[in-house]
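Novice: when you get a sec, could you give me coordinates for this:
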Amino acid sequence: MSQPIHIYNHPFRFLLYLEWVLLALAALTEALPNPSPRFAARLPLLTILSLAGFGLMGLRLPTGKQIYKLLYTSLEILLILLTAIAGSRGIRLFPFLYLILVTRSCLIFQLPGRLVVTSLAFTLFLLTLTRRLHRFPASPMWQERLRFIPFSFALLFGLTLVFVLLLMNAVLAERQSREKLAMANEQLRKYALRIEDQATLQERNRIAREIHDSLGHSLTALNLQLETALKLWQSNPAKAQTFLARAKQLGSKALQDVRQSVSAMRSKPLQGRLLEPAIASLAEEFHCSTGVAPICEIQLRRVLPDEVNTAIYRITQEALTNISKHAAATEVKIQLNTTATDLHLAIYDNGRGFDLDQNTSGFGLQSMRDRTLALGGRFEIYSTPQAGCRITADIPLPRLPQ
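Specialist: As a prediction, this is how the structure comes out:
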């Protein structure tokens, strides 16, 4: 059930204030003495009480069950008719009560209900107008001159009702659109935070696995080498020195693993560098750690957006890491070029390869694929056992300003 409309959650509080001003003016008019008994109110106290009750009803509008809405509207119409019967001629002919009735119906009914209430308000106004003007004493000459006044007055009031109805529909539709947009933005914000948290958790898990598998293994082996060297230092110094040399290599490898993990955690891995020298730096690190010098063919004919630079750097970094760990390759090639509309990245190696049907769901491969797809690109892997691997990423680029 929908929450009723109160003064504190009224969607258009200025309308409520305007209702009170109009009703207060009408009540004040009815309370003041009229010099002409013909135009005076029959029951001024009843008229004022009816106006007060009509105004108080605006403090709570039903928005739940349909029966409550119908009873509410029926009571409003009853008060309007009571005011028309007991009030002065001026308040009978002044149609602001019907306008308030239509505006309230727009807040509690859907479009069919609004149309019904608007038609009913126009009909009641016509009946009241016709009844009062027929009883207006006038000579035949004046009746001939004034015969078009009821039609003009009714037409003007009908157009006013239509205008109020269309205006309220437009305002309510615009308000509902804003609320839906706000809800959608809030939902998107929650989804973005959830995806960010999930991506952060996955990255942490990956780094934890990297530290456990590489750094942990290197430090364990380093500890064993040092323990053996200590035991052999007195009895066989030459052999102990061999173990110390091996320990130094393991320490260097552990230090490299730490640097790679720190680099992976950086939010801006390029750190202000251009993409081409950043990839050259990755190739140099790969050469130092594996002894294999990658061939870099880079042709960037335009400035790339920051998000594209970061994605290409991360994809290249992850690909070279996988090659150094699993491929046992002796040749590696990195190709990167751009056109007016696209960027193409390809990384080749002649390593041991793998079966695509069995090994395409690893975190590294999935991370490269997700980065490419997030930019609207296409990511492909081509590999077979003992036949190397080729990774390609094609990313669309924004059009250059003319």
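Novice: domains of this structure?
Specialist: 13-188, 266-402 (automatic domain parsing).
Novice: rebuild those domains as JSON lines, extending it with distance to residue 231, mean pLDDT and mean neighbour count.
Specialist: Backbone N, C-alpha and C define where each C-beta goes, glycine included. Shown next, in JSON lines, are the domains of the chain (distance: least, CB to CB, whole Å; pLDDT from 0 to 100; neighbours: other CB atoms under 10 Å):
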{"stretch": "domain 13-188", "distance to residue 231": "62", "mean pLDDT": "79", "mean neighbour count": "15"}
{"stretch": "domain 266-402", "distance to residue 231": "30", "mean pLDDT": "85", "mean neighbour count": "16"}
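Novice: now tabulate the ones you listed in CSV and tack on distance to residue 256.
Specialist: Below are those laid out as CSV (distance: least, CB to CB, whole Å):
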stretch, distance to residue 256
domain 13-188, 40
domain 266-402, 6
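Novice: and the ones you listed: which comes nearest residue 225?
Specialist: Proximity to residue 225 (CB to CB) singles out domain 266-402 among the domains of the chain, at 19.3 Å.
Novice: now do residue 254 against residue 248, distance only.
Specialist: Residue 254 sits at a distance of 11 Å from residue 248 (criterion: CB to CB, to the nearest Å).
Novice: who's more crowded, those two?
Specialist: residue 254 (19 against 12; other CB atoms under 10 Å).
Novice: what strand or helix carries the more buried one?
Specialist: Using DSSP states H and E, residue 254 sits within helix 237-265.
Novice: please name every helix or strand in contact with that helix.
Specialist: If contacts are counted by 3 or more CB pairs under 8 Å, 6 or more residues apart in numbering; DSSP states H and E, helix 237-265 sits against helix 149-210, helix 216-232, helix 306-322.
Novice: I'd like those helices as a markdown table, with distance to residue 22 appended.
Specialist: Formatted as a markdown table, the helices and strands packed on helix 237-265 follow (distance: least, CB to CB, whole Å):
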| stretch | distance to residue 22 |
| --- | --- |
| helix 149-210 | 13 |
| helix 216-232 | 80 |
| helix 306-322 | 57 |
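Novice: who touches the helix or strand where residue 390 lies?
Specialist: Assigned by DSSP H and E, residue 390 falls within strand 389-396. Applying CB atoms under 8 Å, 6 or more residues apart in numbering, the external contacts of strand 389-396 come out as 308, 311-312, 315, 319, 323, 327, 341-349, 351, 353-354, 368, 372, 375-383.
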